[in-house]
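Participant: predicted coordinates and the sequence they were generated for:
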Amino acid sequence: MRASRTENLLRNALAILVIAFFLMPIVWLFTTSLKLQRDTFQLPPVWLGFQPTLNNFAFAINQIQVGRFVLNSVIISAGTTLISVVLGTLGGYAVSRSRLRFVGASSYFFLVLLMIPPVAMLVPFYLIMRDLGLLGTYWAVIILDTVYNAPFVVWMMSNYFRSVPTEMEQAALVDGASHFQAFRLVALPLAVPGIIASVLYCLIFSWNDFIFALLLTSPSTKTVPLAIMGQFSTAQLQWGYMAALSVFAVLPVLLVALVLNRYFVQGLTAGATKG
Amino acid sequence: MLGPVLAFVLAIALAPLLFSLFISLTDYRLTDPTQAKPFVGLGNYLKAFQDKAVLETLANTVVFTVGAVTSQVLLGLALALLMSGETPFMRTLRSLAIMPLALPPLVVGLVWKALYNPQFGPVAYYLKQIGLSVDRGFLGEFTTAMPAVLVIDLWQWTPLLMIIFLAGLKSLPTEMLEAAYVDGASRTQAFFYITLPMLLPVIFIGVLLRTMNAFKVFDIIFATTGGGPGNATSVLNFHIYKVGLTFFDMGYAAALANILLFMIGVCCAFYVVLLRRQRATEF
């Protein structure tokens, strides 16, 4: 049943409105970061024809020294992503291929772990890290981020491996390959899109994390979201500075997400849409 | 190969949970110089069920979770249907639509706080033009604060549901739909009798992901309302943070966290049963 011309026009118009709604706050953030203080409060809001300035970015780079916060964010999210994806991919493969009931059932256990509210973990984790002397180190945040990310990767990758045919692995096993060789040489290359999706989700989650970093970092390991919040609580609030700092928090992950756009769904729906 | 991840998760996740179970039975205050942990049995738990703030935030948690998941799943489904066209134009719009979900929720909260600002916020300004305005801003009034926060959550997470549902729509076999149209089914009938039932597994994934995260909402509330006005937007997750890490009443916070964990556990058990049933019909 083919759609008529008018229907297509209507669809496009409605879709543009929807996208305008989803882009408006992002456009506001980027334009505000380029505005002079006097222009940020103008009503009706000026979206395009304002006098651009880089003052806010200069402030973020020179005064706040956003560079070191970015570095901390990179270290924490890279560490989390690496550990989570390695552990999670191995675990996901085991869950998807094992015939042991215990292993299959463990996939529910990982799902349960994802549901633990961060505060339920934070209070005791904070005390344990304090007693171990790890409070304020990168490790404290990386470990807790990984507790949430690794199970998610297990869940996504086990779904993904289930959607990959097993015949080739079985052929490899018959030809004398070990289980690990079958995994590394046959299954793993086929699962690359799922792994990219896992990396993407771990990156987004750990880069954007606020609550764990809020409680577990020290001044020298603070991440970008904390720098933004710190600016927010100073006496005189400058939205331009806030926006420029936020651009540092937003831009890296946004670019990665736009480039890897098509991988977003693969891991999430592999199990359910194999058709 | 399951070993490493299971060992890691058990070591790191179970230790805090057991420890939390222990301190929830004590009156442990971080500010206490002796760091004593006097045993109070189930005292903290009994206190929770008479604590007005806890009951309020518990109700808010349910309102937020149900409101967020329902509105986002319905809107996500509508958007997936609207934007499923395979024209270059639609494809471009679709790739732009995923942008919100890559943003840090904290930044999202701060940006919307500015947009809602009654003095200079663009959203408040435009709504005023069409006759909608409230004195202290949408985040500042008792009746509008929760809906305003729900809109922020909706803005951030509807795109995720949209792309999940789109993937589901694309993977559906077209033969049945064609057969239905040949037999004279209307588009509405085809949607409700064919597309929707076949889409259920994907919808289920969407509901599961969003429920898990809606229970844990924190950043947006921290950045916008701080739980206020009063306790209007304070969910249990946020309240526990306040009790434990700003009032340092660790024992009570741990008890509240365990109550939240129990609630989510019940929800989770329900999902696992559904998931099992779905898997069973699949094979």
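Facilitator: Looks like it arrived, so ask away. For clarity, every value in this text was computed on a predicted model and none was experimentally measured.
Participant: give me the nearest residue to residue 107, chain neighbours excluded.
Facilitator: Reading this off chain A. In this structure, A:Ser107 finds its nearest non-sequential neighbour in A:Val95, 4.7 Å apart by C-beta to C-beta, 6 or more residues apart in numbering or on different chains. Yep, even glycine has a C-beta here, placed from its N, CA and C like the rest.
Participant: could you do chain B instead?
Facilitator: A:Ser246 (4.7 Å).
Participant: was I right to think that neighbour contacts B:Val108?
Facilitator: No. A:Ser246 is beyond contact range of B:Val108, at 9.6 Å (criterion: C-beta atoms under 8 Å).
Participant: hmm, B:Ala214 is touching B:Thr70, no?
Facilitator: No. Look at B:Ala214 against B:Thr70 with C-beta under 8 Å: they stay out of range, at 10.2 Å.
Participant: give me the more crowded residue out of those two.
Facilitator: Using other C-beta atoms under 10 Å in any protein chain shown, the more surrounded residue of B:Ala214 and B:Thr70 is B:Ala214, with 21 against 12.
Participant: the more buried one sits in which helix or strand?
Facilitator: Assigned by DSSP states H and E, B:Ala214 falls within helix B:196-215.
Participant: so what touches that helix?
Facilitator: A:114-115, A:117, A:268-269, A:272-273, B:61, B:64-65, B:68-69, B:72-73, B:76-77, B:153, B:157, B:160-161, B:164-165, B:167-169, B:172, B:176, B:237, B:260, B:263-264, B:267, B:271, B:274-275, B:278, B:282 (C-beta atoms under 8 Å, 6 or more residues apart in numbering or on different chains).
Participant: these, buried ones only, as a ChimeraX selection?
Facilitator: Buried members of those, defined by 16 or more other C-beta atoms under 10 Å in any protein chain shown, are picked up in ChimeraX with:
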select /A:114,115,117,268,269,272,273 /B:61,64,65,68,69,72,73,76,77,153,157,160,161,164,165,167,168,169,172,237,260,263,264,267,271,275
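Participant: restricted to helices, list the contacts of helix B:196-215.
Facilitator: Assigned to helices by DSSP state H, the following of those qualify: A:114-115, A:268-269, B:61, B:64-65, B:68-69, B:72-73, B:76-77, B:153, B:157, B:160-161, B:164-165, B:167-169, B:176, B:237, B:260, B:263-264, B:267, B:271, B:274-275, B:278, B:282.
Participant: which residue is nearest the centroid of chain A?
Facilitator: By C-alpha atoms, centre = their mean, chain A has its centre lying nearest to A:Ile204, at 1.2 Å.
Participant: can you name the next helix or strand after the helix or strand containing that one?
Facilitator: Here A:Ile204, judged by DSSP H and E, is contained in helix A:192-208. Using DSSP H and E, the helix or strand that follows helix A:192-208 in sequence is helix A:211-216.
Participant: state the distance from B:Ala68 to B:Thr233.
Facilitator: 12 Å (C-beta to C-beta, to the nearest Å).
Participant: same check on A:Phe232?
Facilitator: When distance is defined by C-beta to C-beta, A:Phe232 is 18 Å away from B:Thr233.
Participant: burial of residue 119, as a residue count?
Facilitator: Defaulting to chain A. 28.
Participant: let me rephrase: I mean chain B.
Facilitator: Residues near B:Gln119, counting by other C-beta under 10 Å: 9.
Participant: who touches it in this structure?
Facilitator: A:Phe41 are the contacts of B:Gln119 under C-beta under 8 Å, 6+ apart.
Participant: that one belongs to a strand, doesn't it?
Facilitator: No. According to DSSP: H, G, I helix; E, B strand; the rest coil, B:Gln119 belongs to no strand; its state is coil.
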